[in-house]
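**Q** Turn this into a model:
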Amino acid sequence: MNETTSTAATTRSLKSATRRSVQASGTEPVTFGFLPEAPSTPAVITPAGTGVDLPGWLRAHGEAVEARLLRHGAVLLRGFHGGSVEKFEQAASALCGTLFREYGDLPREGESDQVYKSTPYPQDLSILFHNESSHLPQWPMRQFFSCIVAPQSGGQTPIVDCRTVLDRMRPELAEQFATKKLLYVRNFIDGVDVSWSRFFGTEDRAEVERRCAEEGTDFEWTPEGGLRTSRQAAAVLHHPVTGEAVFFNQLALHHPSALDPETRASLLEICGEQGMPRNVFWGDGTTIDDAVVTEVRDLMDREAVAFSWQEGDILVIDNMLVAHSRSPFTGPRKIVVALGDMTGG
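**A** Numbers count the residues shown, from 1 in each chain. You can find the predicted model right below:
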């Protein structure tokens, strides 16, 4: 069976599974649909009545949720409870029995070792589109978000289908990303980004060196006591279940053009191009022009969908099928995160 035939068969199977799950749901205490402002993704599941045991329903109907994730890239669970870290963790664990406990890029939420706070970043700025941990040797196939406190305004978590992004990209640019790949360079500077000790979960330099070598990550210790890492990674991959090609990376977020001009100029003056907290180059180490990144960002923004958070919402995404971002916001906002089903290239 050739790749095209295999992918078509997989797609037919997914559509069939989705139809079966819709038909089977007639007696279930939930309803399926979409939001008016986002008619294609995320698929929305809401309770048909009161007192629905969400973790229990998810454990019993995981295949129905999975079918929607593979087709739409994201599922929104809405209206089952108010904002609760405990209930979020229970729901995420029901769908994914292997939540990741060793993520160094996000601070932990309370006493839980499986739930993290969202990225601490100025609320008047956007966090640009990215696939979680796509620059690292391992990444989560599943990422979970839950709204504990909804902001006064803004603060959405926009998502974009990475299949669509690649499909609508200029063919010559898509080919360039697929063949040249990307090189991520990161400088762990305490007080500017997370420290290397927090990221790796150890103060032992020898352990950090061992892990970098094991993962195929180049590293060097800087005279100031910091750590610089560099790693080549794909910009385009194929989804392990559907076989579909996806634009999977952190180009928009890591490129210096993500910074406002004043901050970028200051950091370049202080750190130099290789000393920036985060940077991304073509896989051969050459600079990626701002115009290329702007073209990609504009495409992702055009194809993105967003919805306003309601307290208690749980958003589940397939981290390879969709990328996510964060909009600026006003007022208190608390979104918590969990990661699961770790995989690697």
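**Q** hey, let's count contacts and neighbours off CA atoms from now on
**A** Will do.
**Q** shouldn't residue 149 be in contact with residue 311?
**A** Yes: using CA atoms under 8 Å, residue 149 is in contact with residue 311, at 5.8 Å.
**Q** what do the two both touch?
**A** By CA atoms under 8 Å, 6 or more residues apart in numbering, residue 149 and residue 311 have these common neighbours: residue 83.
**Q** what's the distance between residue 121 and residue 225?
**A** For residue 121, the distance to residue 225 (CA to CA, to the nearest Å) stands at 24 Å.
**Q** what comes into contact with stretch 275-288?
**A** If you take CA under 8 Å, 6+ apart as the criterion, stretch 275-288 is touched by 180-189, 192-193, 228, 232-233, 251, 254-256, 267-268, 273.
**Q** Following the chain onward from the helix or strand residue 265 falls within, which element is next?
**A** Taking DSSP states H and E as the definition, residue 265 sits inside helix 261-271. As assigned by DSSP H and E, the chain's next helix or strand after helix 261-271 is strand 278-282.
**Q** Would you give the sheet partners of that next one, along with the direction of each?
**A** Paired neighbours of strand 278-282 in the sheet (DSSP bridges): strand 182-188 (antiparallel).
**Q** ok, residue 78 to residue 289 distance?
**A** Distance of residue 78 to residue 289, given as CA to CA: 41 Å.
**Q** Comparing those two, which residue is more hemmed in?
**A** Counted by other CA atoms under 10 Å, residue 78 and residue 289 do not tie: residue 78 has more neighbours, with 19 against 12.
**Q** now residue 47: how far from residue 54?
**A** Per CA to CA, residue 47 is found 9 Å from residue 54.
**Q** Identify the contacts common to those two.
**A** Residues touching both residue 47 and residue 54 by CA under 8 Å, 6+ apart: residue 80.
**Q** picking up where we left off before, how about the CA coordinates for the helix holding residue 265, as PDB?
**A** C-alpha atoms of helix 261-271 as PDB (Å, rounded to 0.1, in the frame of the first residue of the first chain):
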ATOM      1  CA  PRO A 261      12.000  46.600  18.200                       C
ATOM      2  CA  GLU A 262      13.300  48.300  21.300                       C
ATOM      3  CA  THR A 263      13.700  45.100  23.300                       C
ATOM      4  CA  ARG A 264      15.300  43.300  20.300                       C
ATOM      5  CA  ALA A 265      17.800  46.100  19.800                       C
ATOM      6  CA  SER A 266      18.700  46.200  23.400                       C
ATOM      7  CA  LEU A 267      19.200  42.400  23.700                       C
ATOM      8  CA  LEU A 268      21.200  42.300  20.500                       C
ATOM      9  CA  GLU A 269      23.500  45.000  21.800                       C
ATOM     10  CA  ILE A 270      24.000  43.300  25.100                       C
ATOM     11  CA  CYS A 271      24.000  39.600  24.100                       C
END
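**Q** Can you check what angle separates that helix from strand 182-188?
**A** Angle between the axes of helix 261-271 and strand 182-188 is 70 degrees (criterion: axes from the mean of the first three to the mean of the last three CA atoms, to 10 degrees).
**Q** got the contact list for helix 261-271?
**A** Helix 261-271 is contacted from outside by 256, 257, 275, 276, using CA under 8 Å, 6+ apart.
**Q** Stretch 110-130 too?
**A** With CA under 8 Å, 6+ apart, stretch 110-130 has contacts from 85, 89, 99-101, 106-109, 159, 248-253, 258, 297, 300, 323-330, 334-339.
**Q** Restricted to helices, list these.
**A** In helices, defined here by DSSP state H, the members of those are 85, 89, 251, 252, 253, 297, 300.
**Q** Make a markdown table out of those and add pLDDT.
**A** Output for these, formatted as a markdown table (pLDDT from 0 to 100):
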| residue | pLDDT |
| --- | --- |
| 85 | 96 |
| 89 | 96 |
| 251 | 97 |
| 252 | 96 |
| 253 | 94 |
| 297 | 97 |
| 300 | 98 |
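**Q** possible to save the residues you listed as JSON lines with distance to residue 242 and neighbour count?
**A** Listed next are these as JSON lines, based on distance: CA to CA, whole Å; neighbours: other CA atoms under 10 Å:
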{"residue": "85", "distance to residue 242": "32", "neighbour count": "21"}
{"residue": "89", "distance to residue 242": "27", "neighbour count": "20"}
{"residue": "251", "distance to residue 242": "23", "neighbour count": "28"}
{"residue": "252", "distance to residue 242": "25", "neighbour count": "21"}
{"residue": "253", "distance to residue 242": "26", "neighbour count": "22"}
{"residue": "297", "distance to residue 242": "25", "neighbour count": "18"}
{"residue": "300", "distance to residue 242": "21", "neighbour count": "25"}
